[in-house]
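A.B. asks: Please work out how this folds:
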Amino acid sequence: MARRIDINRIIQSQFMRDLPAIMLGCAIAAFATDVFMIPNGLAAGGLTGLATIIAELGRRAGISLPVGIQTIVMNALLLLVVVRSGGIKYVVQTVTGFVLFGFFTDLFAPFVLHLQHEDIMLSALWGGIVSGIGYGLVFRCGANTGGSDTIGQIIARKSSLPVGATVMAIDVAVCAASAPVFSVANALYAALSMVLMGYVVDMVVDGGNTQRAAFIISDHFEDIEHDILHAMDRGCTRLMAQGSWTKKDRPVLFFVLSRREISIIKTIVYEHDADAMLIITDVNEAIGYGFKSVG
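C.D. replies: Just a heads-up that it's a prediction; the model follows:
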């Protein structure tokens, strides 16, 4: 009888193990928001950007509207929809993220030093980099900070629109809405910060371990396979295939390699068969023999 795995217990234990990293990520993102973004009027998308705009309008009217509390309230309202359409695990992860982020944002605000407004380019660049590191840590642990991601998921569930495009449209709309409140230049710098932030988030989530996968079609597959196994010390798999034109059966060799090994496999393949078909594609993460372990 096959051993059953308690997935819920595993997810709960991983969440508790990752909670310190989630807290650190939220603190880093909040620090970047307080130091680089809010003081320079950079509303780089999402509910945080929207809260930055509202906070500025409130300040002009003599009303204090802390950005952190705003994001918590906005996300809590969105949560009412998520509870009905999403799972309880997603809700817990989302609540943890946006509450910690909002808490740290208002906690750090009175104490952090702000860059001068003349340094808005530096603020946009470093705001995107540092906040991207923070958000990346949160996302890497399976949590999130709500915001436009939650809105995008809600809209995607109710329509046929893709989540990614919806989130991007929301973020661009927030950046555009900041132009009348701050300036067009501020909106453009905010968009630059948003793009850089997304790039850094991807780097942190992927861990910088982007690998490559190779597919090789050759009549000399046995010789190529031997060098992959013994010269490169990589595992290799034969995928059985048939040529559409020739109707000839022959295997397609498939294996995962690091970026620095691309030139090696090219040399091996074309030394054995100059007419071979070699296809190399990106792999975000590789777990197993020759790469990192599951743990």
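A.B. asks: helix or strand right after the lowest-mean-pLDDT helix or strand in the chain?
C.D. replies: Using mean pLDDT, DSSP states H and E, helix 148-158 stands out as the lowest-scoring helix or strand of the chain, at a mean of 71. As assigned by DSSP states H and E, the chain's next helix or strand after helix 148-158 is helix 163-181.
A.B. asks: Could the C-alpha coordinates of that next one be exported in PDB?
C.D. replies: Extracted C-alpha coordinates of helix 163-181, given in PDB (Å, rounded to 0.1, in the frame of the first residue of the first chain):
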ATOM      1  CA  VAL A 163      -3.700  37.500 -14.600                       C
ATOM      2  CA  GLY A 164      -0.300  38.900 -15.800                       C
ATOM      3  CA  ALA A 165      -1.700  41.300 -18.300                       C
ATOM      4  CA  THR A 166      -4.400  42.500 -15.800                       C
ATOM      5  CA  VAL A 167      -1.900  43.100 -13.000                       C
ATOM      6  CA  MET A 168       0.300  45.100 -15.400                       C
ATOM      7  CA  ALA A 169      -2.600  47.200 -16.600                       C
ATOM      8  CA  ILE A 170      -3.500  48.000 -13.000                       C
ATOM      9  CA  ASP A 171       0.100  49.000 -12.100                       C
ATOM     10  CA  VAL A 172       0.400  51.200 -15.200                       C
ATOM     11  CA  ALA A 173      -3.000  52.800 -14.400                       C
ATOM     12  CA  VAL A 174      -1.700  53.600 -10.900                       C
ATOM     13  CA  CYS A 175       1.500  55.100 -12.200                       C
ATOM     14  CA  ALA A 176      -0.500  57.200 -14.700                       C
ATOM     15  CA  ALA A 177      -2.900  58.400 -12.000                       C
ATOM     16  CA  SER A 178       0.100  59.700 -10.000                       C
ATOM     17  CA  ALA A 179       1.000  62.200 -12.800                       C
ATOM     18  CA  PRO A 180      -1.600  64.800 -11.900                       C
ATOM     19  CA  VAL A 181      -0.800  64.500  -8.200                       C
END
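A.B. asks: Next, the angle helix 163-181 makes with the following helix or strand past it.
C.D. replies: Next helix or strand after helix 163-181 toward the C-terminus (DSSP H and E): helix 184-206. If you take axes from the mean of the first three to the mean of the last three Cα atoms, to 10 degrees, helix 184-206 sits at 150 degrees to helix 163-181.
A.B. asks: Run the chain-centre distance for whichever helix or strand comes after helix 184-206.
C.D. replies: Where DSSP H and E defines the elements, the next helix or strand beyond helix 184-206 is strand 211-217. Offset of strand 211-217 from its chain centre (Cα atoms, centre = their mean, to the nearest Å): 24 Å.
A.B. asks: again, but for stretch 133-144
C.D. replies: Between the centre of stretch 133-144 and the centre of its chain there are 8 Å (Cα atoms, centre = their mean).
A.B. asks: Over to the residue nearest to residue 217 when sequence neighbours are not counted: give its phi and psi.
C.D. replies: Once flanking residues are discounted, residue 217 sits nearest to residue 277: 4.0 Å by Cβ to Cβ, 6 or more residues apart in numbering. For every residue, glycine as well, the C-beta is placed using N, CA and C. The phi/psi pair for residue 277 (degrees, to the nearest 10) reads phi -100, psi 120.
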